[in-house]
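Peer 1: fold the stuff below for me.
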Amino acid sequence: MKILLFGKGGQVGWELQRSLASLGDLIAVDFDTREFCGDFTHLDGIAETIRAVVPDVIVNAAAHTAVDKAENEPEAARTVNALAPAAIASEASRLGAWLVHYSTDYVFDGSGSRPWVETDDTRPLNVYGSTKLEGEVAICNSGCNYLIFRTSWVFAARGGNFARTMLRLAQERDRLTVIDDQTGAPTGADLLADVTAHAIRTAMRRKEVAGLYHLVAAGETSWFGYARFVLDFARETGLKLKVDPEEIVPVPSSAFSSPAQRPKNSRLNAAKLQTTFDLRMPPWQTGVVRMLTEVLEK
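Peer 2: Just a heads-up that it's a prediction; the model follows:
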């Protein structure tokens with residue numbers, strides 16, 4: 001099996017290189033790769049890369065994920081999140097290749113408190129969500145065999161993330177304010193990568209599993225709950241923090257101004273994924289502890 005991975009340098013792409021390597025011949029590219037074009041602003045180059053590699057599976061881990069920045073550069077976000085996936089899907093359809101693509105809970109409006117299922121109506125609140133939804137629709141309409149995984153609150157030990165930010169601020173400040181009215185499931189890039197590899201193996205045997213799935217860790221928390229978990233774990237490991245536990249203060253989203261509106265309900269129901277691929281998602285705390293253990297050992 002030949003696999004072409006776009007976005008190898010991102011958090012998910014980095015983990016995918018590990019998970020996908022055992023499946024066959026892996027060709028991994030990024031925006032600055034010299035041998036093949038991985039720059040999603042050059043759609044013709046992306047198509048040429050696919051034609052040159054002739055993969056059995058294309059995995060797209062590239063995306064414009066700067067949510068606030070997307071509000072000021074909607075065309076750039078649309079090119080990366082919608083037009084490039086559409087071009088990839090068209091080539092995948094022509095080749096008869098599978099396409100694996102990642103999307104987001106931001107395709108929903110964040111209303112209510114029930115975890116979103118795949119068939120719920122989509123109503124994005126911002127440019128990022130709108131462009132990711134456009135990419136989903138293009139793939140679904142392309143005629144290719146696809147697996148789309150919507151996820152939320154992705155983290156990894158490599159690169160920046162919410163937990164690292166909290167650890168840094170807790171060592172610098174006496175008081176922290178953290179949003180407590182947005183709820184989701186922190187999901188590790190390593191979990192996304194491992195589930196992807198498992199799903200690809202299954203798809204090679206069972207073409208009927210093609211479709212759209214929600215892929216998140218089990219359980220839920222707020223950003224405030226997430227921060228408290230991270231800092232409590234750090235204290236238990238002996239890390240000295242300047243902020244006291246009682247000085248981590250929950251606040252509403254309105255306490256912070258940002259160009260892009262965020263959904264308050266980022267819960268995703270992963271039952272379809274678990275049933276189809278015979279999986280059981282681990283609690284979000286398991287992945288966070290694994291990540292923190294690696295981060296704090298450095």
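Peer 1: what ranges do the strands span in the stretch 101-250 of the chain?
Peer 2: Using DSSP state E, counting those that start in this stretch, the strands assigned to the stretch 101-250 of the chain run over residues 145-151, 154-155, 176-179, 183-184, 187-188, 211-214, 221-222, 248-251.
Peer 1: so how far is residue 25 from residue 237?
Peer 2: Applying CB to CB, to the nearest Å, the value for residue 237 to residue 25 is 40 Å. All C-beta spots, glycine's among them, are computed from the backbone N, C-alpha and C.
Peer 1: one more: residue 206?
Peer 2: Counting by CB to CB, the gap from residue 206 to residue 25 is 22 Å.
Peer 1: pLDDT score for the residue lying closest to residue 22 once chain neighbours are set aside?
Peer 2: If you skip the residues right next to it in sequence, residue 22 has residue 197 as its closest partner in space, 7.3 Å away by CB to CB, 6 or more residues apart in numbering. According to the prediction, residue 197 has pLDDT 98.
Peer 1: what's the local residue count around residue 197?
Peer 2: Residues within reach of residue 197, counting by other CB atoms under 10 Å, total 21.
Peer 1: for residue 6, what are phi and psi?
Peer 2: In terms of degrees, to the nearest 10, the main-chain angles of residue 6 are phi -100, psi 140.
Peer 1: contacts only, for it.
Peer 2: 13, 29-30, 38, 40, 46, 58-62, 88 (CB atoms under 8 Å, 6 or more residues apart in numbering).
Peer 1: of those residues, which is the nearest to residue 98?
Peer 2: The shortest distance between residue 98 and any of the contacts of residue 6, using CB to CB, involves residue 58 and amounts to 7.1 Å.
Peer 1: wait, a strand at that closest one?
Peer 2: Yes. With DSSP: H, G, I helix; E, B strand; the rest coil as the criterion, residue 58 is assigned to a strand.
Peer 1: that one touches residue 93, doesn't it?
Peer 2: No. Between residue 58 and residue 93 there is no contact under CB atoms under 8 Å: 10.9 Å.
Peer 1: and the longest helix along the chain, what other elements does it pack with?
Peer 2: If each helix of the chain is counted by residues according to DSSP state H, the longest one is helix 189-205. Counting contacts by 3 or more CB pairs under 8 Å, 6 or more residues apart in numbering; DSSP states H and E, helix 189-205 is packed against helix 11-20, strand 57-60, strand 98-104, strand 145-151, strand 154-155, helix 271-277, helix 284-297.
Peer 1: was I right about the residue nearest to residue 22 contacting residue 18?
Peer 2: No. If you go by CB under 8 Å, residue 197 and residue 18 don't touch, sitting 9.1 Å apart.
Peer 1: what's the distance between residue 216 and residue 145?
Peer 2: 23 Å.
Peer 1: one more: residue 199?
Peer 2: Going from residue 199 to residue 145 by CB to CB gives 12 Å.
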